[in-house]
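K.L.:
Pasted the sequence and its predicted model underneath.
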Amino acid sequence: MSIDVARDGAVAVVTVDRQDALNALDVATLTELRDRLGELAKDGTVRALVLTGAGEKAFVAGADIKYMSGLDPDGAKGWGALGHEAGRLLETMPKPTIAAINGFALGGGCELALACDLRYAAGRAKLGQPEINLGIVPGWGGTQRLARICGLGVAKDLIYTGRTVDAEEALRIGLVNAIADPVLDRALETAHALTAKSPVALALAKRLVNLAPGALDAEAEAFGELFASEDAKEGLAAFVDKREPRFTGR
Ligand code: COA
């Protein structure tokens, strides 16, 4: 199995395990990742997801360059679409997704991390979009998400030069939220903390933060609608009563 899914309470830990290729994604691995993410997105018992790579060296060293080297334009379109599906699932599933970047996160690996809601990096992590060095460009959302997360200047620097950044620089440019060792422990700590929040409010927060700028009307309307939920009533009441809220997901 190249994708391992483990459960830690309400948190799912998805591990890409193809260590002989530094967890680079070939068709079988990426298809399996897409399928597992699709299942976890729909699984109501999963309240947060952590994505990581097996071994000490790599998160995901990118799309499989050997496979890509044989692709024609139609094949490359299909390959891009498959990567986009995985990224969209991480970005849109109604629960928080956290990348625990335990080593190299390059190309498609960096793009998967960018599709997650939060990113933590191990001190040894290296991130980047080196596609330009292969004569190609990021094709799994990197041109858009890197620009959204780090700004146009950083995105153009990394995508044009193809240089990799270490964890310290990644933190400085906002590419990761924090540096932590062991990084998986930090990701799990946050994931568990988030399972104590209202899943209703969290899912809405994710959807709203991901909306394109200018969608303030939608936020205003959705914010109002949320007040019909039991969780909103419970959360507000608990604060007033100076007690811990008991969220039920309704
Ligand atoms: N696709 C396919 N195979 C990959 C790969 C990728 N993206 N990244 C690493 N591998 C393979 C290597 O080919 C090597 O396989 P081999 O032992 O059969 O030769 C194995 O993983 C180990 O990698 P190696 O290059 O020997 O390790 P390293 O420590 O010297 O270098 C990297 C590590 C990450 C710097 C280097 O592997 C690399 O540059 N990888 C490509 C990164 C990239 O451009 N990703 C974006 C693709 S869109």
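P.N.:
Everything's here; your move.
K.L.:
from here on, contacts and neighbour counts on C-alpha atoms
P.N.:
Will do.
K.L.:
Can you tell me the closest non-neighbouring residue to residue 57?
P.N.:
Nearest non-adjacent residue to residue 57, counting by CA to CA, 6 or more residues apart in numbering: residue 103, 4.9 Å away.
K.L.:
Surely the one you found and residue 54 touch.
P.N.:
No: if you go by CA atoms under 8 Å, residue 103 and residue 54 don't touch, sitting 9.5 Å apart.
K.L.:
Which one of those two is surrounded by more residues?
P.N.:
Per other CA atoms under 10 Å, whichever of residue 103 and residue 54 has more neighbours is residue 103, with 27 against 21.
K.L.:
what's that one sitting at in phi/psi?
P.N.:
phi 180, psi -140 (degrees, to the nearest 10).
K.L.:
Where does the prediction get shaky in this protein?
P.N.:
Residues of the chain that meet the criterion pLDDT under 70 lie in 1, 213-220, 222-224.
K.L.:
Regarding it, what is its longest helix?
P.N.:
helix 73-92 (DSSP state H).
K.L.:
hmm, who's touching that helix?
P.N.:
For helix 73-92, the surrounding residues in contact (CA atoms under 8 Å, 6 or more residues apart in numbering) are 27, 30-31, 33-34, 37-38, 41, 68, 97, 108, 111-112, 115-117, 139-141, 206-207.
K.L.:
Please flag which of those residues sit within helices.
P.N.:
Of the positions in the contacts of helix 73-92, 27, 30-31, 33-34, 37-38, 41, 68, 108, 111-112, 115, 206-207 sit in helices, assigned by DSSP H.
K.L.:
and those near the ligand, which?
P.N.:
Residues of the ones in helices among the contacts of helix 73-92 in contact with the ligand (CA under 6 Å from any ligand atom): residue 108.
K.L.:
Which members of the ones in helices among the contacts of helix 73-92 are classed as buried?
P.N.:
Buried members of those, scored by 16 or more other CA atoms under 10 Å, are 30-31, 33-34, 37-38, 41, 108, 111-112, 115, 206-207.
K.L.:
between these, which is nearest residue 221?
P.N.:
Taking CA to CA as the measure, residue 221 lies nearest residue 207 of these, at 13.0 Å.
K.L.:
show me the contacts for the closest one.
P.N.:
Per CA under 8 Å, 6+ apart, neighbours of residue 207: 92, 94.
K.L.:
now it: how far from the ligand?
P.N.:
Residue 207 is 28 Å from the ligand, where distance means CA to the nearest ligand atom, to the nearest Å.
K.L.:
Please apply the same query to residue 48.
P.N.:
Note on residue 48: its distance to the ligand, by CA to the nearest ligand atom, is 27 Å.
K.L.:
next one: residue 249
P.N.:
Distance of residue 249 to the ligand, computed by CA to the nearest ligand atom: 40 Å.
K.L.:
ditto for residue 112
P.N.:
According to CA to the nearest ligand atom, residue 112 and the ligand sit 12 Å apart.
K.L.:
how much space between that residue and residue 63?
P.N.:
Distance of residue 112 to residue 63, given as CA to CA, to the nearest Å: 10 Å.
K.L.:
centre of the chain versus stretch 69-80, how much separation?
P.N.:
Stretch 69-80 sits 24 Å away from the centroid of its parent chain (CA atoms, centre = their mean, to the nearest Å).
K.L.:
Which parts of that stretch count as buried, going by neighbours?
P.N.:
79-80.
K.L.:
Spell out which residues of this protein are next to the ligand.
P.N.:
Near the ligand, the residues belonging to the chain are 20-22, 24, 61-66, 104, 106-108, 130-131 when assessed by CA under 6 Å from any ligand atom.
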